[in-house]
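Trainee: The sequence and its predicted three-dimensional model are supplied below.
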Amino acid sequence: MRVMFATWEGATHLFPAVPLGWSFYAAGHDVRVACHPGLVDRVVEAGLPAAAVGKDYDVAGRIKQDPTQLKFTQNAPLETVVAEMRRSFALLSGFNDAVVGDMVAFARRWRPDLVIWDPIMFGGVVAARAVGAADARLLWGPDLFTHRRQTVHPKISQLAAMGGNPVLDWLGGVYQQFGLEFDENDLIGRWTIDPCPPSMRLPVQCDRVPMRYVPYNGPAVAPDWLLDPPARPRICLTPGTSSIRLTGADTLPMEAALHALGGLDAEVVVGLTAAHRGKLTNIPANVRLVEAMSFHLLLPTCSAVVHHGGAGTTMTAAVHGVPQLVIPDVADQTTNAKQLAGTGAGISLLADEADPDAIRDSVTRLLGDESFAAAATALQEEIRQQPSPPEVVRTLEELVSAQPERSGW
């Protein structure tokens, strides 16, 4: 088969697709990762062939202008949900508009048999429909966007009075540009490849293909000090790799966290970027700062991790059975934190709750209360029971081969 991956602009959205891309390649399929020009180098670093489409779109610049585009309110009334949808969808539609034309043109020339698309890279499903290819969404964590749409759907008749549904109105117009007829089910995709363990999933109606989460965090060099078991409990602290890039500020209260963890009898490893290093002062003696650390190398040696709730860190820690303290800030992080805490494998603190005392008390609980480690181990085993990426390739081969032959071949 020819398999086309369509990814969003950030490397953290590319990374969950890489092990599946490798698996398709190893099974003898032809693979292309269609992405905007700014992501091409990261695709090539991962050992996959890239196809540059569209023009660069300054997602970070637009988020800095209005950080509320990333905010979703939990259990909000319909009016709030719709207002937040409109605000965030201006960002999503802007990026998709910048790449969808070239993505469809590439698909029409290359003729993929299967398009695998990021849940917010709607250009992928448009390209699939334009060439009659099978398609699948590839989630990176709990399916927040579909859950919100399906939660709102029973009240859809009320949306007309609020100005209509921004997602359906925009995507319907895009389909018309390419002579396609829009089907609302296209928002879900023919299949949904879901790396979330069952206990972390949101209740979403879709044709699910479960897949074991395999961590990939970019090129990695393992430092020698990781070879020796830590003399004290090791705690990983990370603000995430995209926070400063997207918002211009840390989403995690790093100074409070360093102050809290500096007083513990533990080794604290802070994974950060060069941009973060200059923002940290008064580093405690038990803290080791490391740049460009791949968490799939570090986390197996840790007893706890404190982080912002990004899907990559959440899922990588879950793979390795590490209890987690999550201090989320934006929409998907809040959902990840809530779903993780529901498994018993971690604690979630709201940003305004995360003072040094609360952080210290929460980490002390993670280290001292055996129930967190037991729940984290159970979650780890749940992930191991999911089909591996090579097994998912075989499943998708069978599903695609059972589809009606597309016209024009």
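Mentor: All right, it came through fine. Numbers count the residues shown, from 1 in each chain.
Trainee: wait, what's in contact with residue 261?
Mentor: Going by C-beta atoms under 8 Å, 6 or more residues apart in numbering, residue 261 touches 235, 237, 268, 284, 286-287, 306, 359-360, 363. All C-beta atoms are positioned from the backbone trio N, CA, C, and that covers glycine.
Trainee: Outside of the strand or helix carrying residue 379 itself, list whatever touches it.
Mentor: Using DSSP states H and E, residue 379 sits within helix 370-384. In this structure, residues lying in contact with helix 370-384 by C-beta under 8 Å, 6+ apart are 197-200, 212-213, 317-324, 343-347, 365-366.
Trainee: redo that, cut-off 7 Å
Mentor: When contacts are defined by C-beta atoms under 7 Å, 6 or more residues apart in numbering, helix 370-384 is touched by residues 197-199, 212-213, 318-323, 343-346, 366.
Trainee: Send over it as CSV, restricted to the C-alpha atoms.
Mentor: C-alpha atoms of helix 370-384 as CSV (Å, rounded to 0.1, in the frame of the first residue of the first chain):
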residue,chain,number,x,y,z
GLU,A,370,2.0,2.4,47.5
SER,A,371,-1.5,2.6,45.9
PHE,A,372,-0.1,5.1,43.3
ALA,A,373,2.7,2.8,42.2
ALA,A,374,0.3,-0.2,42.1
ALA,A,375,-2.1,1.7,39.9
ALA,A,376,0.7,2.9,37.7
THR,A,377,1.9,-0.7,37.3
ALA,A,378,-1.7,-1.8,36.4
LEU,A,379,-1.9,1.0,33.8
GLN,A,380,1.4,-0.1,32.4
GLU,A,381,0.2,-3.6,32.0
GLU,A,382,-3.0,-2.4,30.4
ILE,A,383,-0.9,-0.6,27.8
ARG,A,384,1.2,-3.8,27.2
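Trainee: Can you select the buried ones among the contacts of residue 261 for me in ChimeraX?
Mentor: Buried residues among the contacts of residue 261 (16 or more other C-beta atoms under 10 Å), as a ChimeraX selection:
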select :235,237,268,286,287,306,359,360,363
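Trainee: could the contacts of residue 261 be laid out in a markdown table, adding secondary structure?
Mentor: Listed next are the contacts of residue 261 as a markdown table, based on DSSP: H, G, I helix; E, B strand; the rest coil:
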| residue | secondary structure |
| --- | --- |
| 235 | strand |
| 237 | strand |
| 268 | strand |
| 284 | coil |
| 286 | coil |
| 287 | strand |
| 306 | strand |
| 359 | helix |
| 360 | helix |
| 363 | helix |
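Trainee: Kindly reformat the contacts of residue 261 as TSV containing pLDDT and distance to residue 183.
Mentor: Output for these, formatted as TSV (pLDDT from 0 to 100; distance: C-beta to C-beta, whole Å):
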residue	pLDDT	distance to residue 183
235	97	48
237	93	45
268	95	51
284	90	56
286	94	56
287	92	53
306	96	43
359	94	47
360	95	52
363	97	48
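Trainee: Now do the longest helix along the chain, average pLDDT.
Mentor: Secondary structure of the chain read by DSSP state H shows that its longest helix is helix 78-110. Averaging pLDDT along helix 78-110 yields 81.
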